[in-house]
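# Task: produce atomic coordinates for the following.
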Amino acid sequence: MTRGSSLYVEDLGMSFGQGPQEHRVLDGLTLCVDPGEAVCVVGPSGAGKTTLLRCLAGLARPTSGQVRYGEQPLTEPHGDIAVVSQDYRGSLLPWLRVWDNVAFPLQGRGVKKTVRKQRALECLEAVGLPDVGDKYPWQLSGGMQQRVAIARGLAYDAPVLLMDEPFGSVDAQSRFDLEDLTLRLRRQLGITVVVVTHDIDEAVYLGDRVIVLGGKPTAVLDTLAIPLGAERDQLSTRADPRFAELRTRVLALIRGERLPADQEAARR
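Coordinates of the predicted model:
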């Protein structure tokens with residue numbers, strides 16, 4: 001069962017600076033993310049992927065166009081939208097125990113401490129960390145700290161989870177484990193997940209759709225449906241010939257290159 005509303009991006013533009021110094025980063029972006037969908041956004045470095053995610057989170061106001069959550073324009077952070085950043089070291093408070101870190105967003109909602117702790121422990125169990133609540137973040141591995149950051153997003157009980165390069169700072173095995181965790185939580189909780197990533201393989205593995213950004217200023221180059229099914233596996237899914245074909249198409253779009261003739265014919 002899915003929760004929440006659709007996210008709409010309508011003719012979105014974002015510029016920095018003024019006059020001759022103005023730098024147009026995003027131009028005319030239009031897209032929609034449906035409730036319960038997993039969408040990955042890829043593009044070259046500097047393409048404005050994080051800027052787009054900040055607009056989706058209500059943390060930045062676009063220069064033109066708008067972002068809507070359902071029928072409501074997003075001009076500030078929304079209670080239905082949680083964000084998980086790449087920098088778990090900077091997002092977790094080292095002087096607070098793990099369960100306090102997870103429960104921290106609930107303080108602003110006036111939730112009682114006993115309820116906050118119970119909710120935090122439930123979310124830690126959901127991400128596979130049932131026994132670390134009384135530890136401090138610095139006592140955990142990088143992969144475990146990122147799980148704590150995801151648990152905090154879940155504790156907020158938001159139907160939409162935005163993730164900005166969420167696994168870029170962990171080792172390869174932890175990255176695979178966290179990708180599978182994201183897929184599992186999305187299925188179990190019926191949440192919408194939007195992942196900004198520079199990793200093409202990760203985007204194809206996680207997404208129902210992959211949105212490819214590129215150009216200067218940045219626009220949507222293409223949107224690819226990922227017909228790999230809901231149940232995915234690091235070995236069999238990545239070994240699927242369709243996986244290789246999809247990642248090749250995404251890479252070709254980002255590089256501005258033509259597909260091999262047989263893939264171009266198949267795509268048409």
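# so where do the strands sit in this structure?
7-16, 23-33, 38-42, 64-69, 72-73, 81-84, 160-164, 192-196, 209-214, 219-225 (DSSP state E).
# Specify the stretch among those that is closest to residue 151.
With respect to residue 151, and counting by CB to CB, the nearest of the strands of the chain is strand 81-84 at 9.7 Å. Bear in mind the C-beta positions are built from the backbone N, C-alpha and C, glycine included.
# Now the closest one - C-alpha only, CSV.
In CSV, the C-alpha atoms belonging to strand 81-84 read as follows (Å, rounded to 0.1, in the frame of the first residue of the first chain):
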residue,chain,number,x,y,z
ILE,A,81,9.4,14.5,2.9
ALA,A,82,12.5,13.2,4.6
VAL,A,83,16.1,13.7,3.3
VAL,A,84,19.1,11.4,3.7
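# Now render the strands of the chain as TSV, adding mean pLDDT, mean neighbour count and distance to residue 151.
TSV is the format used below for these (pLDDT from 0 to 100; neighbours: other CB atoms under 10 Å; distance: least, CB to CB, whole Å):
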stretch	mean pLDDT	mean neighbour count	distance to residue 151
strand 7-16	93	18	23
strand 23-33	90	18	23
strand 38-42	96	25	19
strand 64-69	94	17	23
strand 72-73	92	13	27
strand 81-84	90	23	10
strand 160-164	93	24	11
strand 192-196	95	26	15
strand 209-214	95	22	26
strand 219-225	94	16	31
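# What lies in contact with the longest helix anywhere in the chain?
For the chain, the longest helix by residue count, based on DSSP state H, is helix 172-189. For helix 172-189, contacts defined as CB atoms under 8 Å, 6 or more residues apart in numbering pick out 3, 36, 38, 126-128, 141-143, 146-147, 150, 154, 163, 166-167, 170, 191, 193, 195, 202, 205-206, 230, 232, 234.
# Now, those that are in helices?
Going by DSSP H, the helices hold 126, 142, 143, 146, 147, 150, 154, 202, 205, 206 from these.
# quick check, nearest of these to residue 17?
Looking across those and measuring by CB to CB, the closest to residue 17 is residue 202, at 32.2 Å.
# just checking, that closest one touches residue 165?
No. Applying CB atoms under 8 Å, one finds residue 202 not in contact with residue 165, separated by 9.6 Å.
# Comparing those two, which residue is more hemmed in?
residue 202 (23 against 19; other CB atoms under 10 Å).
# Next one: the more buried one from residue 224, what distance?
14 Å (CB to CB, to the nearest Å).
# In a markdown table: the strands of the chain, plus distance to residue 50.
Shown next, in a markdown table, are the strands of the chain (distance: least, CB to CB, whole Å):
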| stretch | distance to residue 50 |
| --- | --- |
| strand 7-16 | 11 |
| strand 23-33 | 10 |
| strand 38-42 | 10 |
| strand 64-69 | 15 |
| strand 72-73 | 21 |
| strand 81-84 | 11 |
| strand 160-164 | 6 |
| strand 192-196 | 6 |
| strand 209-214 | 11 |
| strand 219-225 | 16 |
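# for those, which one sits closest to residue 132?
The minimum distance between residue 132 and the strands of the chain falls on strand 81-84, with 17.6 Å, by CB to CB.
# Output the contacting helices and strands for that closest one.
Using 3 or more CB pairs under 8 Å, 6 or more residues apart in numbering; DSSP states H and E as the contact definition, the elements that strand 81-84 packs against are helix 142-155, strand 160-164.
# so who does the closest residue to residue 250 other than its chain neighbours touch?
Using CB to CB, 6 or more residues apart in numbering and skipping the chain neighbours, the partner closest in space to residue 250 is residue 200 (5.0 Å). Residues in contact with residue 200 (CB under 8 Å, 6+ apart) are 42, 247, 250, 251, 254.
# Near the third one, how many residues? Count them for me, please.
Going back to what we said before, that points to residue 250. The tally of other residues near residue 250 (other CB under 10 Å) stands at 24.
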